[in-house]
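Asks: based on what follows, work out the 3D shape:
(one chain, ligands or ions: 2)
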Amino acid sequence: MTELTAATRTQVLNVLREQRIETPSWGYGNSGTRFKVFPQEGVPRTPQEKIDDAATVHRFTGVAPSVALHIPWDKVDDYKELAKYAVDRGVSLGTINANVFQDNDYKLGSVTNPDPGVRRKAIDHLLECVDIMDETGSGDLKLWFSDGTNYPGQDNIRDRQDRLAVALREVYDRLGDEQRLVLEYKLFEPSFYTMDVPDWGTSYAHCLELGPRAVVCIDTGHHAPGTNIEFIVAFLLRAGKLGAFDFNSRFYADDDLMAGAADPFQLFRIMHEIVQGDALRPELGIAFMLDQCHNIEAKIPAVIRSVMNVQEATAKALIVDATALAAAQQAGDVLGANAVLMDAYNTDVRPLLADLRVEEGLDPDPVAAYQRSGYFERIRTERADGQQAGWGA
Ligand code: RM4
Ligand code: MN
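Replies: Ligands and ions are numbered 1, 2, ... in the order given. Okay, the predicted model is just below:
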């Protein structure tokens, strides 16, 4: 166990107080696998109701003050009004996620489609998302492309890269000075032979070519089993190209389970790189987001739990004895260095986080406080009719 001096404890609490974790609007909607979507009671029917749920998560955790939107899932007539709606409930609108993967036209790809007409349509959607950002005041446009091929020979791999570069350039050039393009990657699915942005290297290379306001998003679920994600974090941080995280957990594929549920040690190792790189501070611009689906568990408490898991991993990373670690590393003390890290990981930080919440006027146990609050009973009745939100499967 790592023992904290009073001074370190204060320092750690100060950093934790500043931490910001964004939640995804689609995490509150119905979701499932390609086999079945199990609808739940109380699921939001509108973007406004998703914002209500996000605000509830923030109310109990104190560290989730923004919600990411997905367009067109969260399409409304007046985005300024939606932004005001959010602010009135104590949260703000965050990252705008574009969606060029659910239209029949995109069967062979969106911005890399061999058909120039389809490419134009896809780029126009991305530009529309920047227009929306202007209205909502969002800083980040997050791009994830399902584009790729299923069969060898299906399309020209290099031509697809060229088409991607052209599309990204047009969108990048449309951004305002305070806006960023955040490019996500995914190893596989829905394309199985080639994905056009399969890995961090591809994303990094395109971002480098685009310019300083293009940065990489690491979705923790989008890697091959065994991938050392903390290495990617360290590399991108050093290069100034780490823009965002989509946190979630995976056992086998893109499972989208609660962050920190499958492998809390991995989440700790990631946060250790972030802390070492002094990259937690909000002004450094790394967006810590959840990108999850809650298929069988109750959604709002699952988001609260995920936020708490990220907080716990962060707290453990913050209490690593950096001086002892550096000394052991310098001395080539392999076991000693590893022990410093493991001491922090094995420390129970829950009492520390409970104290922090109490200091902030929150309940020390956000999940229990939510369960007691009556919020679920209310939305279950209020949202009994109508069309529940969800992105289908
Ligand atoms: C993708 C990717 C994107 C997310 C969609 C719903 O796999 O992770 O970030 O917006 O799913
Ligand atoms: Mn994602």
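Asks: quick one: the strands in the stretch 201-350 of the chain, in order.
Replies: In the stretch 201-350 of the chain, strands defined by DSSP state E, counting those that start in this stretch lie at 214-219, 242-247, 287-290, listed in chain order.
Asks: now these as JSON lines including distance to ligand 2, mean neighbour count and mean pLDDT?
Replies: (Glycine included, C-beta is placed from N, CA and C.) Putting the strands of the stretch 201-350 of the chain into JSON lines (distance: least, C-beta to the ion, whole Å; neighbours: other C-beta atoms under 10 Å; pLDDT from 0 to 100) gives the following:
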{"stretch": "strand 214-219", "distance to ligand 2": "4", "mean neighbour count": "25", "mean pLDDT": "98"}
{"stretch": "strand 242-247", "distance to ligand 2": "3", "mean neighbour count": "26", "mean pLDDT": "98"}
{"stretch": "strand 287-290", "distance to ligand 2": "8", "mean neighbour count": "25", "mean pLDDT": "98"}
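Asks: closest one to Lys84 among the ones you listed?
Replies: With C-beta to C-beta as the criterion, Lys84 lies closest to strand 287-290 of the strands of the stretch 201-350 of the chain, at 22.0 Å.
Asks: that closest one near ligand 1 at all?
Replies: No. If you take C-beta under 6 Å from any ligand atom as the test, strand 287-290 misses ligand 1, and the best it gets is 8.7 Å.
Asks: hang on, the earlier thing: any chance of the strands of the stretch 201-350 of the chain in JSON lines, with distance to Pro190 too?
Replies: Formatted as JSON lines, these follow (distance: least, C-beta to C-beta, whole Å):
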{"stretch": "strand 214-219", "distance to Pro190": "15"}
{"stretch": "strand 242-247", "distance to Pro190": "17"}
{"stretch": "strand 287-290", "distance to Pro190": "22"}
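Asks: in contact with the residue lying closest to Asp74 once chain neighbours are set aside, which residues?
Replies: Of all residues not flanking Asp74 in the chain, Pro47 sits nearest, at 4.2 Å (C-beta to C-beta, 6 or more residues apart in numbering). For Pro47, the contact set (C-beta atoms under 8 Å, 6 or more residues apart in numbering) comprises Ser25, Leu69, Asp74, Lys75, Val76, Leu82.
Asks: before we move on, what SS does the closest residue in space to the first one that isn't next to it in sequence have?
Replies: Which is Ser25. Excluding the flanking residues, the one nearest Ser25 by C-beta to C-beta, 6+ apart is Lys50, at 4.3 Å. Using DSSP: H, G, I helix; E, B strand; the rest coil, the three-state assignment for Lys50 comes out as helix.
Asks: tell me the confidence at Lys50?
Replies: pLDDT for Lys50: 98.
Asks: got the contact list for Val216?
Replies: 182-185, 200, 203-204, 207, 236, 241-244.
Asks: again with Thr8
Replies: Taking C-beta under 8 Å, 6+ apart as the contact definition, Thr8 lies against Ile319.
Asks: what's the distance between it and Pro212?
Replies: Using C-beta to C-beta, to the nearest Å, Thr8 is found at 35 Å from Pro212.
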